[in-house]
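S.K.: Give me a model of this one.
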Amino acid sequence: MFFQWVLCAAIWIAGLVTNCITNFPTFYPLAMLGGFLWATGNICVVPIIKTIGLGLGMLIWGSFNLLSGWASGRFGWFGLHPEVPNKPTMNYIAIAFAMLSAVIWLFVKSEGSQQQIINECEDALLTDEEEDRRSEEEDVVGRSWMDGMSPLRRRMIGCALSVFSGLLYGLSFTPVIYIKDNYPGASKTDVHYVFAHFCGIFATSTLYFAIYCAFKKNKPEVFPSAILPGLISGGMWAIADIGWFAANQYLSEAVSFPIITTGPGIIASLWGIFVFKEVRGVRNFIIMGVAYCFTITGAVLAGFSKS
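M.R.: Residues are numbered from 1 along each chain as shown. The predicted model follows:
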């Protein structure tokens, strides 16, 4: 909860800078709803990583992010104007390839405890002083609600949370597109809605963090070592999301979502292989290779469907 709040603070700062650069466009409160959806889905990320790992988690939520975002734009759900690609058949095939890659990824098995894997990586990088501080933090945290669960239950919870997060992520742009389609005089430049969207993200994360502090009787678990990584992560995410706003404008959701949502999954899975060592074995690598082929093919076909 603390990490997300720091992350979203950095996101809001990036949105404020963007608002200044774009000469303070009209602020539409409805655009904050998209930020609420994203922040609500993002709460599940840490439990997802702890239950099924970074690679598998991101690929599942990325797939459902793709499906909900693409469908809402392509078919005009929630009051949007339908966005039909120049080559609809090719676009459908791209979606099919992307979703098949998600199904294939379900057969990849993470090896060992995710937290144990992360701790092993950290042990090689921490100094004695940092290791002592981490031990103190772990003593404060105590047992997580996920500790003691069977591997099957952890996997089921992780997959369910990934689906939930993905659906909310995919709908996070819907309020902005609704404003563009239905509000007279509203700007057609998607980046003009970034600040309102990011305000929704920070307001929602602040609300959740306040609820968490109240639940913990004003004794929240706060870790200084998470502040700088949170700020850096928030800045990186904000820059990428601003690019996504621009991609939606020039390509439409029906084209941008298949490309953008599948790429991060590949990167995350490579981190899972080479850094966290959560995926091992020839069988898993073969399955991942097939999934990569489907993912890349889907992204390429989505791009060509616009031409």
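S.K.: Low-confidence stretches in this protein?
M.R.: For the chain, applying pLDDT under 70 flags the ranges 54-55, 106, 109-147, 265, 278, 306-307.
S.K.: Go through it and flag its longest helix.
M.R.: Identified as the longest helix of the chain according to DSSP state H is helix 227-251.
S.K.: Tell me which stretches of this structure form helices.
M.R.: Counting by DSSP H, the helices of the chain are 2-21, 32-42, 45-52, 54-75, 88-105, 114-123, 128-141, 151-170, 174-182, 194-215, 227-251, 253-274, 282-304.
S.K.: tell me what the last one is packed against?
M.R.: Applying 3 or more CB pairs under 8 Å, 6 or more residues apart in numbering; DSSP states H and E, one finds that helix 282-304 contacts helix 88-105, helix 253-274. C-beta coordinates here come from the backbone N, C-alpha and C atoms, glycine included.
S.K.: what distance separates the last one from the centre of its chain?
M.R.: The offset between the C-alpha centroid of helix 253-274 and the centroid of the whole chain comes to 10 Å, using CA atoms, centre = their mean, to the nearest Å.
S.K.: That one packs against which elements?
M.R.: Packing partners of helix 253-274 (3+ CB pairs under 8 Å, 6+ apart): helix 54-75, helix 88-105, helix 227-251, helix 282-304.
S.K.: Reformat the ones you listed as CSV; add mean neighbour count.
M.R.: Output for these, formatted as CSV (neighbours: other CB atoms under 10 Å):
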stretch, mean neighbour count
helix 54-75, 25
helix 88-105, 19
helix 227-251, 17
helix 282-304, 17
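S.K.: Turn those into a markdown table, including distance to Ile260.
M.R.: A markdown table is the format used below for the helices and strands packed on helix 253-274 (distance: least, CB to CB, whole Å):
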| stretch | distance to Ile260 |
| --- | --- |
| helix 54-75 | 8 |
| helix 88-105 | 11 |
| helix 227-251 | 6 |
| helix 282-304 | 9 |
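S.K.: Out of these, which is closest to Pro184?
M.R.: Of all those, helix 227-251 sits nearest to Pro184, with 18.9 Å by CB to CB.
S.K.: could you give the angle of that closest one to helix 54-75?
M.R.: 30 degrees (axes from the mean of the first three to the mean of the last three CA atoms, to 10 degrees).
S.K.: Identify the residues contacting helix 227-251?
M.R.: Contacts of helix 227-251 from elsewhere in the structure, counted by CB atoms under 8 Å, 6 or more residues apart in numbering, are 3-4, 6-11, 13-15, 18, 73, 173, 176-177, 188-191, 193-194, 197-198, 256, 259-260, 306.
S.K.: at 6 Å what do you get?
M.R.: Around helix 227-251, the neighbours that count as contacts under CB atoms under 6 Å, 6 or more residues apart in numbering are Phe3, Val6, Leu7, Ala10, Ile11, Ala14, Asp190, Val191, Val194, Ser256, Ile260, Lys306.
S.K.: so it versus helix 282-304, what angle?
M.R.: 40 degrees.
S.K.: distance between helix 227-251 and the chain's centre?
M.R.: That offset, for helix 227-251, works out to 11 Å (CA atoms, centre = their mean).
S.K.: same thing with stretch 248-263?
M.R.: Its chain's C-alpha centre and that of stretch 248-263 lie 15 Å apart, by CA atoms, centre = their mean.
S.K.: What of stretch 183-194?
M.R.: With CA atoms, centre = their mean as the basis, stretch 183-194 stands 24 Å off its chain's centre.
S.K.: for it, how far is the first residue from the last?
M.R.: Distance across stretch 183-194, first residue to last, is 17 Å (CA to CA, to the nearest Å).
S.K.: Quick one: residues in contact with that stretch.
M.R.: Contacts of stretch 183-194 with the rest of the structure, by CB under 6 Å, 6+ apart, involve Gly15, Thr18, Thr22, Pro25, Ala31, Val176, Ile179, Lys180, Ile242, Phe245, Asn248, Gln249.
S.K.: Could I get the helices of the chain in CSV, plus columns for distance to His81?
M.R.: Shown next, in CSV, are the helices of the chain (distance: least, CB to CB, whole Å):
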stretch, distance to His81
helix 2-21, 25
helix 32-42, 17
helix 45-52, 32
helix 54-75, 9
helix 88-105, 16
helix 114-123, 42
helix 128-141, 48
helix 151-170, 18
helix 174-182, 5
helix 194-215, 19
helix 227-251, 13
helix 253-274, 11
helix 282-304, 20
